[in-house]
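In: Next come a sequence and a model predicted from it.
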Amino acid sequence: MPKIISKKYLSEKVVQLEIEAPRIAKKRKAGHFVIVRIGSNGERIPLTISQANTSNGAITLVVQVVGVTSYKLSKLETGDEVTDIVGPLGNATHISRAGTVLCAGGGVGIAPLLPIVEAMYKAGNRVVSVLAARDKELLILEKEISAFSDEVFVMTDDGSYGQKGLVTDGMEMVIAKEKIDQAIVIGPAIMMKYASMLTHKYNIPTLASLNTIMVDGTGMCGACRVSVGGRTKFVCVDGPEFNARDVDFDELLMRLGSYKNEEAGAYKKLLI
Amino acid sequence: MAENDLGTYSGRNEEWRLDLRKKLKTKERIAINRVKMPEADPLSRIKSYVEVNSGLTEEQAVTEAQRCLDCVNPTCIEGCPVSINIPGFIKSIEAQDYDNAIRVLKDTNALPAVCGRVCPQEIQCEAACFYQTKLKKPPIAIGHLERFAADRARNSGKAFIPEIAVKRDGKVAIIGSGPSGLAAAGELAKLGYQVTVFEALHELGGVLKYGIPEFRLPNEIVDFEIDNLKKLGVNFEKNFIVGKTADFKDLREEGYSAFFVGSGAGLPMFMNIPGENYIGVLSANEYLTRVNLMGATKVDFDTPVLKGKNVAVIGGGNTAMDSVRTAKRLGAEKAMIVYRRSLEEMPARNEEIQHAKEEGIEFLVLNNPLEYLADKNSRVNKMKLQKMQLGEPDQSGRRRPVPVEGSEYFLEVDLVIVSIGVSPNPLIPMSLPQLETSKWKTITVSPDTMQSSVPGLFAGGDIVRGGATVILAMGDGRKAAQNIHNYLQNIMKSKTTASKQDNNQNKK
């Protein structure tokens, strides 16, 4: 079983895990995700690969504790094993030389944004990143993102770090200053909804990376389905990235709550 | 068919068979009534996952085996997609030589305990039985007997592992551990090749595990058959998606020289009607996977599943029956099949339909969903239906359902399971652009060899057929294995010839 090589808390409820998975590390590209299962009775959850290292055969996952599986994952220590990990899944981000790329990440969405920022930067784009978090404590991976960005703007809801405001405030500021050829937004569904409304207003082609409920992650169950441009798409095999303007974010938000009651009950039971 | 094509079938002229035939007169054999499979009581079984069919007793099995006339020309074998020597194993049961019965079955079938349970025998071997075709009597219960022989062997604690005659050079990769992959793996291992089965999920068995519920096929039976394959030397790699975790090029570099793709039918189909993405509308694949594979209804399992009081399952196939009967077991007050044609056109096995009826499943036939409505929390709470009537036959030969104008009505539902079919899994074709596929996105193969447009890459089961039965998939796997064998032998031969030529040239 795959071993955890290192563990680091990025904030109180966000853990960064480096996991031994040589085949996945070798094959993964920006935008790919894995499905992880903890324990013989565990559920399968999708997590985007944040970084990969082919020399030690490890991938890095950033996990925010929100429910049963993420809690169990966060409790694993260096040397512990992950029961199952499979991937890399989904379609890789289409990386091209677009010009100036605006990369906007909210909360733990900054983790999946990181490999895209890196790939876009290495492809010769001018990369401007806008990172947003509720407060200073919850902001993650600023240094890593900065390494592959020409400019970075940090926004916090309470103004405890960077500038006070939402991710969209930061994005609008950037858009006002320079011509943006392409935007990428990753974060909570509600953030992506408003971020893509903003870029749509300015007619900027925008990609959003969706994180939905999944079981198998290979197209079999259809739990991840979402309407894109009026047609039902499966995030696991058709995505996870889509043209943001076509995504029905309200439906996405609704479907994310499919098991709200069941999940809340199970998580509560676990914490008692 | 030549006798030597049938392996142990040559047994018909062996002494014990001659003696056995003399024991009872044909008239006496024909006078015996077909056995009835003992079943769990409907009212108690809907409260558990106990297997519905309980299996024949030894006495029942031997008596049923006596009915078989041991025909000179056993047409039943032609009805079997994997050509099991049916009289061979049935007569062994009659002789109470159960070790021989399982040996004969295992000659051509890697998973007899599975096939004895889920094969549609009524349209295959049993449909071709002399009793059925000529005597117009109920056919020999071949499926029940197959299951009996397999269960008997399993419970005996003895391992019946076929012998491997020779070890051969050649590594074969099998993609998918469902019925076609397991069948191919078993054959190739018997032929002496190094076989590795790559499975995308964390459990082995494919549709046998995630799809078919335990009340029809207990998981431990699937595991037992897989363990036998392990004992035969087959390697299994779980959590490995060929085309993603590694592609065909990587596997070739790792020494695999032939491939069998049995990746199954993937994407569930939806009707694309309004409201289909509301909470509480899900595919049969999702519903069954959560319950069967992920243990959603068991204590201390993390995966949740939605439960409903009024559950509608859309469709009329075996998967629809599995879903609706699962819903009943999860406490549905009303569990309904909604099907746009009539009972007569329903593709599910008759046995499944009968079992469902016994369990109190309601059948809304000639009904078609038009739209789903939801409450303020976006959970489905109603469906709009339209009544249908049967018109002229369509391309499938079945009478086409035609909407009855003005017949729309609403029905209260809080869980809808869509089971109208699946389209092939796109992962393999996506990872191998030169692989030819049909307009239905199935992998195109030569029907004689099961070889695809990519040399050395063979395929079978639902990824080729689009949606069929366990046994047809197994038949494909077996046929492909034989042709992979031929393919590898030809490569070896040409290599040897080439190296001989090289040697000769060097000598000059």
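Out: Ah, there it is. Quick caveat: nothing in here was measured; it's all calculated off a predicted structure.
In: going forward, measure contacts between C-alpha atoms and count neighbours the same way
Out: Fine.
In: ok so B:F458 is a strand residue?
Out: Yes - checked against DSSP: H, G, I helix; E, B strand; the rest coil, B:F458 lies within a strand.
In: So which residues on chain B come close to chain A?
Out: Within chain B, the positions near chain A by Cα under 8 Å from any Cα of the partner chain are B:200-202, B:239-241, B:244-246, B:266-268, B:272, B:277-280, B:282-286, B:289-290, B:294-295, B:300-306, B:378, B:425, B:427.
In: Which members of the residues you listed occur in strands, if any?
Out: For the residues of chain B next to chain A, membership in strands holds for B:266-268, B:282-283, with DSSP state E as the criterion.
In: So what are the structural domains in the chain, by residue number?
Out: Defaulting to chain A. Domain assignment for chain A, taken from automatic domain parsing, gives A:4-89, A:100-256.
In: wrong one, I was asking about chain B
Out: Here the domain parsing of chain B from automatic domain parsing is B:3-156, B:171-266+B:424-495, B:269-422.
In: possible to save the domains of chain A as a markdown table with distance to B:G206?
Out: Shown next, in a markdown table, are those (distance: least, Cα to Cα, whole Å):
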| stretch | distance to B:G206 |
| --- | --- |
| domain A:4-89 | 16 |
| domain A:100-256 | 11 |
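In: Could you dump those into JSON lines with mean pLDDT and distance to chain B added?
Out: JSON lines is the format used below for the domains of chain A (pLDDT from 0 to 100; distance: least, Cα to the nearest Cα, whole Å):
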{"stretch": "domain A:4-89", "mean pLDDT": "94", "distance to chain B": "5"}
{"stretch": "domain A:100-256", "mean pLDDT": "95", "distance to chain B": "4"}
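In: Packing partners of the helix or strand harbouring A:V152?
Out: Element membership for A:V152 (DSSP states H and E) is strand A:151-156. On a contact count with 3 or more Cα pairs under 8 Å, 6 or more residues apart in numbering or on different chains; DSSP states H and E, strand A:151-156 meets strand A:126-133, strand A:163-164, helix A:167-177.
In: What lies in contact with that strand?
Out: Under the criterion Cα atoms under 8 Å, 6 or more residues apart in numbering or on different chains, residues A:127-136, A:145-146, A:161-167, A:170 lie in contact with strand A:151-156.
In: Filter the residues you listed down to the buried ones and hand me the PyMOL line.
Out: A single PyMOL command selects the buried members of the contacts of strand A:151-156 (16 or more other Cα atoms under 10 Å in any protein chain shown):
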select buried, chain A and resi 127+128+129+130+131+132+133+134+135+136+145+146+161+162+163+164+165+166+167+170
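In: you'd agree B:G255 is up against B:A173?
Out: No - using Cα atoms under 8 Å, B:G255 is not in contact with B:A173, being 9.6 Å away.
In: These two: which is more packed in?
Out: More crowded of B:G255 and B:A173, by other Cα atoms under 10 Å in any protein chain shown: B:A173, with 27 against 12.
In: Looks to me like the more buried one is in a strand.
Out: Yes - assignment of B:A173 by three-state DSSP places it within a strand.
In: and the gap between it and B:E187?
Out: B:A173 sits 13 Å away from B:E187, going by Cα to Cα, to the nearest Å.
In: Is there a quick PyMOL command that grabs whichever of the residues of chain B next to chain A are buried?
Out: Those of the residues of chain B next to chain A that count as buried under 16+ other Cα under 10 Å are selected in PyMOL with:
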select buried, chain B and resi 200+201+202+239+240+241+244+245+246+266+267+268+277+278+279+280+282+283+284+285+286+289+290+294+295+301+302+303+304+305+306+378+425+427
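In: Filter the residues of chain B next to chain A down to the ones in helices?
Out: Counting by DSSP state H, the residues of chain B next to chain A place B:284-286, B:427 in helices.
In: biggest separation within those residues, which pair?
Out: The largest separation in those, counting by Cα to Cα, is between B:A284 and B:L427 at 20.3 Å.
In: Mind giving me the packing neighbours of the top strand by length along chain B?
Out: Ranked by residue count under DSSP E, the longest strand found in chain B is strand B:380-393. On a contact count with 3+ Cα pairs under 8 Å, 6+ apart, strand B:380-393 meets strand B:367-374, strand B:399-403, strand B:409-412, strand B:415-418.
In: what's near enough to touch the residue in the stretch 251-400 of chain B positioned nearest to chain A?
Out: Residue nearest to chain A within the stretch 251-400 of chain B (Cα to the nearest Cα): B:E286, separated by 4.3 Å. Listed by Cα under 8 Å, 6+ apart, the contact set of B:E286 reads A:215, A:220-223.
In: quick one: which of those residues is nearest to B:P112?
Out: When the contacts of B:E286 are compared for distance to B:P112 (Cα to Cα), A:M220 wins out at 26.6 Å.
In: Would you confirm that A:N261 belongs to a strand?
Out: No - with three-state DSSP as the criterion, A:N261 is located in helix rather than a strand.
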